[in-house]
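*Asks:* fold the following.
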Amino acid sequence: MNKSMNEVMVRTIVKKAIRNLKIDPERTIRNLVDMALQFSDSAFQQEFYSAAQRLLSDEKSGYYDLVKDTITRVNEQTLLTFSMNLGYNGLYLGAKRIRETADYHIPWSISLTVGEDALCDRHHILVDQGEELGIHTWHLFSNHGIYECLTLAECHPDSAFVIFCDANEIDLQMLDYADDIHNIALLVPYNADADVLCELLRASGMFYGIYHCYTEGNLPDLLSGELLEDMQQLHPAVTVFMPRFHGQRKLREQAYDWITRQRTAQKCTAIPWELYSDMLLVDTVISGQGRWVGFDGYGQLNTEEGLCHDPELNILKNDLPTILRQAFPLTKGTT
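*Replies:* Next comes the predicted model:
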């Protein structure tokens with residue numbers, strides 16, 4: 001059976017599952033995980049689905065409420081497309097292709113700062129090159145460039161795009177433009193307008209979440225649990241936390257330790273996610289090395305260690321494979 005036949009089969013299964021979730025979400029989720037575990041062909045997949053089995057054995061898990069809410073309000077085509085692009089194209093086919101590359105590291109996801117500038121054409125080329133390498137998950141940070149973000153997603157229907165929006169970018173005109181783009185998740189900042197923004201997204205059938213930037217000063221608000229509890233009242237699918245300033249490893253470790261404990265406890269009705277730590281975790285599981293890779297508003301490579309000042313590591317200067325090969329070579333024996 002070739003890949004195209006596999007994709008048709010998987011898409012049919014997922015489409016049927018989405019409909020069954022509306023009838024019996026608990027049973028459907030467990031059946032899907034059991035089936036995925038049965039057909040897992042890598043240690044990563046077996047470990048992931050075995051952990052999911054253990055979590056879902058708790059019938060009081062908050063994630064069941066999350067699924068019920070999501071399946072009833074999010075556009076069905078968006079659920080199908082986004083899940084296929086993230087899961088099948090990204091974490092299955094893409095991950096296999098990434099592991100086949102022997103001489104340099106390829107991240108499973110790339111972050112881009114997108115604005116109203118000349119970089120937009122280069123972003124399209126970058127995504128084309130990334131998909132060739134197996135990258136099908138993109139985190140877009142809108143810098144007054146929400147329509148550029150949406151156009152990028154629309155032109156690359158085989159990838160999943162998580163778009164971090166500015167609060168003033170969410171309006172009826174933008175949502176009308178996004179209505180037929182089904183491979184996106186829209187994230188809005190947690191601020192005074194978050195309830196209004198989430199209500200707009202919810203009414204439009206969008207797959208959405210909330211993000212919050214933590215600092216040393218406001219970290220106690222996160223660790224107390226009150227912040228997460230308040231955010232869940234807005235019914236997001238995911239709550240994303242990230243440090244406001246680059247680096248701050250110890251601060252991030254504190255936040256991540258708390259976030260992983262909340263996730264395991266399953267009391268949440270939205271998935272808590274620490275942007276950098278969880279991206280690094282998935283990257284490590286897929287390819288053996290955790291690397292956070294992004295490009296700033298000028299096209300310059302950005303990593304977990306900070307901005308790379310080498311002018312050769314810029315998407316205006318070089319293509320993506322060249323940049324990754326120069327920045328992240330693999331030594332002999334590295335997997």
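*Asks:* so, low pLDDT: which residues of this protein?
*Replies:* 1-4, 32-33, 35-59, 247, 331-335 (pLDDT under 70).
*Asks:* could you point out the longest helix of it?
*Replies:* The longest helix of the chain (DSSP state H) is helix 3-21.
*Asks:* can you list the buried residues in that one?
*Replies:* Under the neighbour-count criterion of 16 or more other CB atoms under 10 Å, helix 3-21 has 10, 14-15, 17-18, 20-21 buried. Using the backbone N, CA and C atoms, a C-beta is placed for each residue, glycine as well.
*Asks:* please apply the same query to stretch 302-317.
*Replies:* Result for stretch 302-317 [16+ other CB under 10 Å]: buried residues 302-304, 308, 313-315.
*Asks:* got the end-to-end distance for it?
*Replies:* Its first and final residues considered, stretch 302-317 spans 15 Å by CA to CA, to the nearest Å.
*Asks:* for it, what is the distance to the chain centroid?
*Replies:* Remark: stretch 302-317 is offset 22 Å from the chain centroid, using CA atoms, centre = their mean, to the nearest Å.
*Asks:* so what touches that stretch?
*Replies:* With contacts defined as CB atoms under 8 Å, 6 or more residues apart in numbering, stretch 302-317 is touched by 111, 119, 122-123, 125-126, 246-247, 276, 280, 291-296, 298-301, 318, 323, 326-327.
*Asks:* do stretch 147-161 as well
*Replies:* 81-82, 85-86, 89-90, 114-116, 120, 123-124, 127-128, 130-131, 135-138, 140, 142, 163, 174, 177-178, 181, 183-185.
*Asks:* elements contacting the longest helix of the chain?
*Replies:* Here helix 3-21 touches helix 25-38, helix 62-73, helix 76-83, going by 3 or more CB pairs under 8 Å, 6 or more residues apart in numbering; DSSP states H and E.
*Asks:* CSV for those, including distance to residue 101 and mean neighbour count?
*Replies:* Formatted as CSV, the helices and strands packed on helix 3-21 follow (distance: least, CB to CB, whole Å; neighbours: other CB atoms under 10 Å):
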stretch, distance to residue 101, mean neighbour count
helix 25-38, 25, 15
helix 62-73, 34, 17
helix 76-83, 25, 18
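*Asks:* wait, which of those helices is closest to residue 203?
*Replies:* Residue 203 sits nearest to helix 62-73 of all those, at 8.8 Å, using CB to CB.
*Asks:* quick one: that closest one to chain centroid distance?
*Replies:* Distance, stretch centre to chain centre, for helix 62-73: 18 Å (CA atoms, centre = their mean).
*Asks:* same check on stretch 177-193?
*Replies:* In terms of CA atoms, centre = their mean, the gap separating the centre of stretch 177-193 from the centre of its chain is 13 Å.
*Asks:* can you give me the end-to-end distance of that stretch?
*Replies:* Taking CA to CA, stretch 177-193 runs 21 Å from one end to the other.
*Asks:* check which helix or strand covers the most centrally placed residue in the chain.
*Replies:* Centroid-nearest residue in the chain: residue 162, 5.6 Å away (criterion: CA atoms, centre = their mean). Per DSSP states H and E, residue 162 falls inside strand 160-164.
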